[in-house]
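Q: got a sequence here, can you build the structure:
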Amino acid sequence: MVIRLFLILTLFLTLFSSPIFAQNESDLRAKIEEKNKEIERLEREIKEYQGNLVEVEVKSKTLKSEITRVEGEIKNLNSQISLTQKKIQKKEFEIKDLGSQITQAEISIKGLKNALSSNLRKLNEAEALSAIEVILTYKNISDFWGTIEENQKLSLSINQNVNTLNDTKIFLDKKKGEAEGVRANLSDLKFELSDKKSIQNSQKKEKSGLLAVTKNEETKYQQLLKDKERQREEILDEIQRIEDELRGNIDFKKLPEAKSGILLWPIKGAVLTQDFGSTPYSKILYNGKPHNGIDIKAPTGTQIFSSERGVVKEIGDTDQFGKWTQRPCLSYGKWVLIEHPNGLSTLYAHLSLIRVQKGDTMERGTLIGYSGSTGYATGPHLHFTVYDSNTVKFGPSKLPRSTCEFLPFGGYLNPLAYL
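A: You can find the predicted model right below:
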């Protein structure tokens, strides 16, 4: 029986470390490593693109520089799409590798169970012999003691293999957990791939719209810029007047204590590009009026996350009538406003793509959408504002011939007091 158990275990250990399995695992690991190298190359390429885009943005505004900027965004997004595709391929290989390990563990467990069942039955049969049966079975005492010794070895071997079986089950559960995590990540990456393609198509439409309006003429573009600047100043003045009034309604007693961590930064590894309130930039960009939020560096296609759990109160798109039309709504572009249980509401503006709907329940850190440069923006970034929820309201602009049909207003607070 000891020999039989040894042979069975040897068989399944051989299966578990079969050259076929080893070869498959080796091939999959090599493919995963290859994808890692491709991912690293694309990440370097994207970083270079983003560095070049920053240089283009700070140059004087000409039609040529604007077209160059949009084309750079398209190329950057193309690299992001390729990067996401490589990550998907890597995850698919990881799932296959984990599937192979799970299959091997299941085969090993089945073999161990069969071997243990068989040998436990034999051991029980041996221990069930009566004293008379023992005397009749063995011709001499040495045979009897030899059998006792074999049974003891068998019992020890069974105990050892019960431990092996438990360890293998733990290994199997761990690999199944890893596989579920990788599958979930793969699903997220597939959604991200679809989103990035949508954003890229929007960038291509923006380029086509710009060329159609200007007819590729610099003088027409410069006139368009002047008109846009005048219209932007008008809408900014209107928003400022309304929000200055609403700030008088803020009840600080009903708001959470101002301290770090109340809100989550909406971008991982956030880099601040414009502060709150009166800043050197606000004097130029906001007619000397204070900035009602903060700006965070965010190349087009950067994921934006909810700062706290809450409900999507409203979403909007001030570019719905076109960014390069004669009367564009030069404001927040695509925006999302989330109301939180703690009395605060957060606004996320200039998005390239929105992934939520009005009424959606959000958890802290849930994906909202992707950054962009919709509305009036000197370049892709996230504009982030914090309001007292009780002061928030929505409505159209009252300016003559304005296409701003739906805007958020509120008594704004310093976001940095809560981040």
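
Q: element containing the nearest residue to residue 45 once chain neighbours are set aside, please.
A: Across the structure, with CB to CB, 6 or more residues apart in numbering as the measure, the residue nearest residue 45 apart from its sequence neighbours is residue 79 (5.1 Å). C-beta: built from backbone N, CA, C; applies to glycine. Following DSSP states H and E, the helix or strand that holds residue 79 is helix 63-127.

Q: what is that helix packed up against?
A: Other helices and strands packing on helix 63-127, by 3 or more CB pairs under 8 Å, 6 or more residues apart in numbering; DSSP states H and E, are helix 2-16, helix 19-58, helix 141-214, helix 218-247.

Q: try it again at 7 Å.
A: Counting contacts by 3 or more CB pairs under 7 Å, 6 or more residues apart in numbering; DSSP states H and E, the secondary-structure elements packed against helix 63-127 are helix 2-16, helix 19-58, helix 141-214.

Q: which secondary structure element contains residue 269?
A: With the criterion set as DSSP H and E, no secondary-structure element contains residue 269; it sits in neither a helix nor a strand.

Q: and it, what's its pLDDT?
A: Per-residue pLDDT puts residue 269 at 91.

Q: where is the longest strand in the chain?
A: With secondary structure taken from DSSP state E, the chain has its longest strand at strand 344-354.

Q: need the CA coordinates for that one. PDB is fine.
A: Provided in PDB are the C-alpha atoms of strand 344-354 (Å, rounded to 0.1, in the frame of the first residue of the first chain):
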ATOM      1  CA  LEU A 344     -20.300  69.900   0.000                       C
ATOM      2  CA  SER A 345     -20.700  69.700  -3.800                       C
ATOM      3  CA  THR A 346     -17.900  69.300  -6.200                       C
ATOM      4  CA  LEU A 347     -17.700  70.500  -9.900                       C
ATOM      5  CA  TYR A 348     -15.400  68.800 -12.500                       C
ATOM      6  CA  ALA A 349     -15.100  70.900 -15.700                       C
ATOM      7  CA  HIS A 350     -13.400  70.900 -19.100                       C
ATOM      8  CA  LEU A 351     -13.900  67.100 -19.400                       C
ATOM      9  CA  SER A 352     -13.400  65.400 -22.800                       C
ATOM     10  CA  LEU A 353     -15.800  62.500 -21.900                       C
ATOM     11  CA  ILE A 354     -18.300  62.000 -19.200                       C
END
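
Q: quick check: angle from that strand to helix 141-214?
A: When axes from the mean of the first three to the mean of the last three CA atoms, to 10 degrees is applied, the directions of strand 344-354 and helix 141-214 differ by 80 degrees.

Q: mind giving me the domain split of this structure?
A: Taking automatic domain parsing as the reference, the chain has its domains at 2-200, 231-417.

Q: what is the longest strand of the chain packed up against?
A: Contacts defined by 3+ CB pairs under 7 Å, 6+ apart place strand 344-354 against helix 141-214, strand 334-339, strand 367-371, strand 381-388.

Q: okay, the ones you listed in JSON lines with mean pLDDT, distance to residue 100 and mean neighbour count next?
A: Conversion of the helices and strands packed on strand 344-354 to JSON lines gives the following (pLDDT from 0 to 100; distance: least, CB to CB, whole Å; neighbours: other CB atoms under 10 Å):
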{"stretch": "helix 141-214", "mean pLDDT": "80", "distance to residue 100": "10", "mean neighbour count": "15"}
{"stretch": "strand 334-339", "mean pLDDT": "97", "distance to residue 100": "43", "mean neighbour count": "24"}
{"stretch": "strand 367-371", "mean pLDDT": "96", "distance to residue 100": "32", "mean neighbour count": "24"}
{"stretch": "strand 381-388", "mean pLDDT": "95", "distance to residue 100": "42", "mean neighbour count": "25"}
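
Q: how about these in TSV, adding distance to residue 269?
A: Compiled in TSV, the helices and strands packed on strand 344-354 are given as follows (distance: least, CB to CB, whole Å):
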stretch	distance to residue 269
helix 141-214	17
strand 334-339	21
strand 367-371	13
strand 381-388	13
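
Q: of all the ones you listed, which one comes closest to residue 358?
A: Evaluated with CB to CB, these place strand 334-339 nearest to residue 358, the distance being 9.2 Å.

Q: tell me the angle that closest one makes with strand 367-371.
A: For strand 334-339 against strand 367-371, the angle between stretch directions is 150 degrees (the same axes, to 10 degrees).

Q: which residues are contacting the helix or strand that the longest strand of the chain is followed by?
A: Next helix or strand after strand 344-354 toward the C-terminus (DSSP H and E): strand 361-362. Counting by CB atoms under 7 Å, 6 or more residues apart in numbering, strand 361-362 makes contact with 306, 309, 310, 311, 312, 338, all of which sit outside it.

Q: if I look at the last one, how far off is residue 385?
A: Applying CB to CB, to the nearest Å, the value for residue 338 to residue 385 is 11 Å.

Q: repeat that for the fourth one.
A: When distance is defined by CB to CB, residue 311 is 17 Å away from residue 385.

Q: before we move on, what about the second one?
A: Noted for residue 309: a distance of 18 Å to residue 385, by CB to CB.

Q: and which of the contacts of strand 361-362 is nearest to residue 172?
A: residue 309 (35.3 Å).

Q: tell me who's in contact with the closest one.
A: With CB under 7 Å, 6+ apart as the criterion, the residues that contact residue 309 are 340, 362, 363, 364.

Q: where does the chain have its least confident helix or strand?
A: With mean pLDDT, DSSP states H and E as the measure, the helix or strand of the chain carrying the lowest mean pLDDT is helix 2-16 (a mean of 42).

Q: one step back: if I look at the residue nearest to residue 45, how far off is residue 380?
A: For residue 79, the distance to residue 380 - CB to CB - is 15 Å.

Q: may I have the beta-bridge partners of residue 409?
A: Bridge pairing for residue 409 (DSSP bridges) gives the partners residue 393.

Q: ok so, going back, mind checking the pLDDT average for the longest strand of the chain?
A: If you average the per-residue pLDDT over strand 344-354, you get 97.

Q: cool, stretch 302-318 as well?
A: Taken as a whole, stretch 302-318 carries a mean pLDDT of 96.

Q: just how off-centre is it within its chain?
A: In this view, stretch 302-318 has its centroid 15 Å away from the chain centroid, taken as CA atoms, centre = their mean, to the nearest Å.

Q: and the closest residue to residue 334 other than its chain neighbours, what does it touch?
A: Computed as CB to CB, 6+ apart, the closest residue to residue 334 that is not its neighbour in sequence is residue 351, at 4.1 Å. Contact criterion CB under 7 Å, 6+ apart gives 304, 333, 334, 335, 336, 369, 370, 371, 372, 374 as the residues in contact with residue 351.
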